[in-house]
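Asker: Predicted coordinates and the sequence they were generated for:
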Amino acid sequence: MFVRDVMSVKGTGEVYGIEPDQPVSAAVRQLVEHDIGSLVVTRDGRMVGFLTERDILRGMHARGCALEDIRVSDLMEKEPLVCGPEDSVDYARDVLTKHRVSHLVVMENNQLLGVISFHDVAKACLRQANFENSLLKRYIKNWPE
């Protein structure tokens, strides 16, 4: 299974973004309104960073809770972890686990394709396991004498 398969299970959901000079309070508003955990930070239509709930929490802890005074560019990950659609799900799961992050940006030829979460990867793996399980059950049920 590949990252492209995870994206197809996830669907073609919209990728939400924010500009780096926006206040973090605007980022929090978007996260809550769209029930998402991350935003792609863009400038002139190009990704310049990635902001997650965890980045915001760390920033709040380090700077206090005055979100109006903090800019997205102050907290965003400037070089987010990325994967490509042809990377294996095992690779994506390994990156998420090793780096203790919950989201990966999916890029191909410097073009943003989307964002996948640990939840998306787990959902795709469970779907694959259930499919394989049903095939095995069918095979055993029709075992030749």
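Answerer: Ah, there it is.

Asker: What average pLDDT does the lengthiest helix in the chain get?
Answerer: Ranked by residue count and defined by DSSP state H, the top helix of the chain is helix 118-141. What helix 118-141 shows for mean pLDDT is 86.

Asker: Mind giving me the packing neighbours of it?
Answerer: Of the remaining helices and strands, those touching helix 118-141 by 3 or more C-beta pairs under 8 Å, 6 or more residues apart in numbering; DSSP states H and E are helix 3-10, helix 89-98. (Glycine included, C-beta is placed from N, CA and C.)

Asker: what helix or strand is L113 on?
Answerer: L113 belongs to strand 111-117 when assigned by DSSP states H and E.

Asker: Compute the inter-axis angle for that strand and helix 118-141.
Answerer: Orientation of strand 111-117 against helix 118-141 (axes from the mean of the first three to the mean of the last three C-alpha atoms, to 10 degrees) gives an angle of 70 degrees.

Asker: residues of strand 111-117 that come out buried?
Answerer: The neighbour-count check on strand 111-117 (16 or more other C-beta atoms under 10 Å) flags 112-117 as buried.

Asker: same check, this time on stretch 54-71
Answerer: Neighbour-count burial for stretch 54-71, counted by 16+ other C-beta under 10 Å, picks out 54-56, 59-60, 67, 70.

Asker: Give me the contacts around that stretch.
Answerer: In this structure, residues lying in contact with stretch 54-71 by C-beta atoms under 8 Å, 6 or more residues apart in numbering are 20-25, 27-28, 31, 74-77, 101-102.

Asker: Now which of those would you call buried?
Answerer: Listed as buried from the contacts of stretch 54-71 are 20, 22-24, 27-28, 31, 75-77, 101; burial here means 16+ other C-beta under 10 Å.

Asker: nearest to M7, of those?
Answerer: V101 (17.5 Å; C-beta to C-beta).

Asker: I'd say P23 and V72 touch.
Answerer: Yes. Taking C-beta atoms under 8 Å as the definition, P23 is a contact partner of V72 at 7.4 Å.

Asker: Kind regards, and thank you for your time.
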